[in-house]
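**Q** next input, structure requested:
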Amino acid sequence: MSTEPDKVYILSHGSALGSQFVGARRGAKKVYEQGLPKWKGGTMQKYSPDELADLLEGEGLPTDFKDLRVFSCGSGLVLQGTVVAFAQGLAQALRGLQYNNIKVTGCLGAVKASYASRQVPDSMGKYTDEKHKGVIIDGEIFPASTQKVVF
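**A** As a prediction, the model looks like this:
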């Protein structure tokens, strides 16, 4: 039996500089314009921190749950003109729903979950693209565990 605490990861699109929503286009099709991939069409499905908290509650997340991680670009950054990061707003919304012990983790830059397309700097030692998630800051990729904030 594992003594490791349970974790839930929310994987979604955000914005590298911070965002008040996470989400993605459902049903979008990948097209190429001037040789570059773009997503066209589909219906945008996005969530504010309050909406995502309500969804998690509705899906049965136990109120004694403790470790929620938002693996979305900029989820730990405060978007200019706002007062809280997405992950912080989600933590506040969940606490308002009686998730009193919840800790919500957000990322401090653009995230990279696709191991095959990442380049890892030599200075990272044992950090390898086959074994780690990454966060990109100023064009350099770092282990996600070093570029996060917990609310």
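**Q** remind me which residues of this protein are low pLDDT?
**A** 1-5, 114-132 (pLDDT under 70).
**Q** now for the residue of it lying at maximal distance from its centre: which residues touch it?
**A** Largest separation from the mean C-alpha position in the chain: Q34, at 29.5 Å (C-alpha atoms, centre = their mean). Residues near Q34 by C-beta atoms under 8 Å, 6 or more residues apart in numbering: none. No exception for glycine: its C-beta is placed from N, CA and C like everyone else's.
**Q** gap between it and V149?
**A** Noted for Q34: a distance of 37 Å to V149, by C-beta to C-beta, to the nearest Å.
**Q** now do the strands in the chain.
**A** Under the criterion DSSP state E, strands of the chain are mapped to 8-11, 22-26, 29-33, 36-40, 43-47, 67-71, 103-107, 110-112, 134-137, 140-143, 148-150.
**Q** deepest-packed of these, please.
**A** Most buried of the strands of the chain by mean neighbour count (mean count of other C-beta atoms under 10 Å) is strand 103-107; its value is a mean of 25.
**Q** so who does C73 touch?
**A** 13-16, 19, 107, 109-111.
**Q** check the residues you listed and tell me the two furthest apart.
**A** Using C-beta to C-beta, the contacts of C73 span at most 14.0 Å, a distance reached by H13 and G109.
**Q** so which of those two has more stuff around it?
**A** G109 (24 against 15; other C-beta atoms under 10 Å).
**Q** that one reaches G74, doesn't it?
**A** Yes - contact between G109 and G74 holds when scored by C-beta atoms under 8 Å: they sit 6.9 Å apart.
**Q** make JSON lines out of the strands of the chain and add distance to L97.
**A** JSON lines is the format used below for those (distance: least, C-beta to C-beta, whole Å):
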{"stretch": "strand 8-11", "distance to L97": "15"}
{"stretch": "strand 22-26", "distance to L97": "18"}
{"stretch": "strand 29-33", "distance to L97": "36"}
{"stretch": "strand 36-40", "distance to L97": "32"}
{"stretch": "strand 43-47", "distance to L97": "15"}
{"stretch": "strand 67-71", "distance to L97": "12"}
{"stretch": "strand 103-107", "distance to L97": "13"}
{"stretch": "strand 110-112", "distance to L97": "26"}
{"stretch": "strand 134-137", "distance to L97": "28"}
{"stretch": "strand 140-143", "distance to L97": "31"}
{"stretch": "strand 148-150", "distance to L97": "19"}
